[in-house]
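Participant: Let's see this in three dimensions:
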Amino acid sequence: MRVVTAGIGLRAGHVLSILKETMPEIEFVGFYDPQPTYLHMIGEDVPRYEDVETMLAQTKPDLFFVGSPNSFHLAHIKAGLAAGVRIFTEKPVVTTKDETMELASLLAEYGTDQVMVGLVLRYSQHMVDLRAVLDQLGPVTSLEANEHIGPYHGAFFMRDWRRMIKWSGGFMLEKCCHDIDIYNMVTRSRVSKVASFGGRKSFTPEFAPTSNTENEIMHRKTSVWESVPDAFHSDGDIIDYQTAILRYDTGASLAFHTNLNVPDEHRRFCVMGAKGMAEGDFVRGYLKATARDGTVIADHDYTQLEASKASAHYGADHMMVADIAAFLRGEADTLPVGVVDALEAGLVAMALDEARVSGGMVDMAETWATFDTYGLRG
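Facilitator: Residues are numbered from 1 along each chain as shown. Coordinates of the predicted model:
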């Protein structure tokens with residue numbers, strides 16, 4: 001199987017190296033990246049191309065990996081579709097509502113099965129086990145969830161290209177689209193209305209490190225392309241905290257909170273249904289489901305995962321690649337998440353930022369009406 005990539009940063013290199021381990025028959029036949037920092041992860045001898053179109057035309061690959069910064073995704077996906085190549089794109093797929101509708105139009109023409117997407121939390125053992133008990137909880141009534149990342153990771157966002165909305169689409173879209181997607185899955189519903197509040201209060205000049213220890217923490221995670229040296233004096237326009245309220249078509253509601261400066265990080269969720277509840281944490285490694293009579297339906301401890309796998313999205317990266325390999329080999333008919341799911345999660349993230357900026361509630365009815373004109377849900 002011939003594979004090419006647009007972008008060979010840390011994330012692309014990591015996923016592609018796992019893919020190679022899982023599918024030894026893969027041959028990397030080309031890459032496009034003006035600054036290929038992690039080329040060693042797939043092989044220094046992989047041929048370099050000056051543009052995506054030439055690479056696709058000359059290599060005629062079986063799979064095109066789109067791992068470029070978010071703002072370039074649409075152009076690269078369009079090139080891949082035009083070349084007739086199956087695509088795997090990292091999340092978020094695109095960065096604006098207009099781009100979403102443009103890609104929806106293209107997918108209506110080329111088919112949604114041409115594009116796979118890296119919404120990795122859908123593949124996690126947490127979500128595999130939650131899906132197994134979801135029906136026993138009864139209709140989902142309400143949820144609360146968060147994604148809290150440590151200062152070393154928050155500082156990375158404030159120094160990295162992701163700090164700029166024009167490149168990343170914003171923090172809610174870039175980082176939390178995973179979370180939005182899995183709660184769409186849990187509720188089996190679309191979001192109908194959103195409200196949101198947030199801003200930047202931690203990564204500001206007055207809180208810049210005053211010790212070598214703190215300064216080392218703020219530079220622990222390396223950034224390369226379009227980076228700046230200081231997280232506290234950067235030109236970034238993303239938030240470092242945000243609280244959101246979402247209402248679903250089913251009537252269920254979600255309270256979601258994200259913060260980029262949490263020393264004891266966690267990524268928790270609690271799903272309440274009419275007949276039971278499920279609570280878990282990706283970082284702290286557990287899932288427990290309880291019926292309303294107190295019976296424990298499920299009780300999972302994920303803290304003993306193999307170290308090499310537990311370090312990558314709680315083991316989900318390896319699970320995702322295993323599923324994708326089976327899909328590419330024709331051993332599986334479907335994947336747990338598709339590009340339409342990703343686009344829908346992205347639209348919700350964009351609406352949350354719209355609500356945060358405006359200070360009002362955003363009704364998503366018009367957005368869904370437009371999106372549905374492309375008929376991607378059949």
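Participant: continuing past the lowest-mean-pLDDT helix or strand in the chain, what's the next helix or strand?
Facilitator: The helix or strand of the chain with the lowest confidence, counting by mean pLDDT, DSSP states H and E, is helix 307-310 at a mean of 53. As assigned by DSSP states H and E, the chain's next helix or strand after helix 307-310 is helix 316-328.
Participant: need the next SSE after that following helix, C-terminal direction.
Facilitator: Remark: after helix 316-328, the chain's next helix or strand is helix 339-358, criterion DSSP H and E.
Participant: Show me what that following helix is packed up against.
Facilitator: In terms of contacts (3 or more Cβ pairs under 8 Å, 6 or more residues apart in numbering; DSSP states H and E), helix 339-358 is packed against helix 97-110, strand 115-117, helix 171-187, strand 191-199, strand 241-248, strand 362-363, helix 365-372. Using the backbone N, CA and C atoms, a C-beta is placed for each residue, glycine as well.
Participant: Turn the ones you listed into CSV, including mean neighbour count and mean pLDDT.
Facilitator: Conversion of these to CSV gives the following (neighbours: other Cβ atoms under 10 Å; pLDDT from 0 to 100):
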stretch, mean neighbour count, mean pLDDT
helix 97-110, 17, 98
strand 115-117, 24, 97
helix 171-187, 24, 97
strand 191-199, 19, 98
strand 241-248, 21, 98
strand 362-363, 18, 98
helix 365-372, 14, 98
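Participant: mind checking which of those is nearest Val29?
Facilitator: Val29 sits nearest to strand 115-117 of all these, at 18.8 Å, using Cβ to Cβ.
Participant: Mind listing the strands that closest one pairs with, and their directions?
Facilitator: Note on strand 115-117: by DSSP bridges, its sheet partners are strand 86-89 (parallel).
Participant: mind checking how far the closest residue to Ala332 other than its chain neighbours is from Tyr123?
Facilitator: Distances taken as Cβ to Cβ, 6 or more residues apart in numbering put Ala326 closest to Ala332, at 4.1 Å, once the chain neighbours are dropped. Separation of Ala326 from Tyr123 (Cβ to Cβ, to the nearest Å) stands at 12 Å.
Participant: neighbour-wise, which of those two wins?
Facilitator: Using other Cβ atoms under 10 Å, the more surrounded residue of Ala326 and Tyr123 is Tyr123, with 24 against 15.
Participant: wait, that one sits on Gly315?
Facilitator: No: applying Cβ atoms under 8 Å as the test, Tyr123 and Gly315 come out as separate, 9.2 Å apart.
Participant: Report the outermost residue of this protein with respect to its centre.
Facilitator: No residue in the chain sits farther from the centre than Asp293, which is 35.8 Å out by Cα atoms, centre = their mean.
Participant: Might you list the low-confidence residue ranges for the chain?
Facilitator: The model of the chain has pLDDT under 70 over residues 306-311.
Participant: again, only this time at 90
Facilitator: Scanning the chain for pLDDT under 90 picks out 224, 304-315, 378.
Participant: What residues sit buried inside stretch 119-129?
Facilitator: Buried positions in stretch 119-129, judged by neighbour count with 16 or more other Cβ atoms under 10 Å: Leu119, Val120, Leu121, Arg122, Tyr123, Ser124, Gln125, His126, Met127, Asp129.
Participant: Same check on stretch 26-37?
Facilitator: Residues of stretch 26-37 classed as buried: Ile26, Phe28, Val29, Gly30, Phe31, Tyr32, Asp33, Pro36 (neighbour count, 16+ other Cβ under 10 Å).
Participant: Pull the contacting residues for the second one.
Facilitator: Listed by Cβ atoms under 8 Å, 6 or more residues apart in numbering, the contact set of Phe28 reads Val3, Val4, Thr5, Leu16, Lys20, Ile42, Gly43, Val46.
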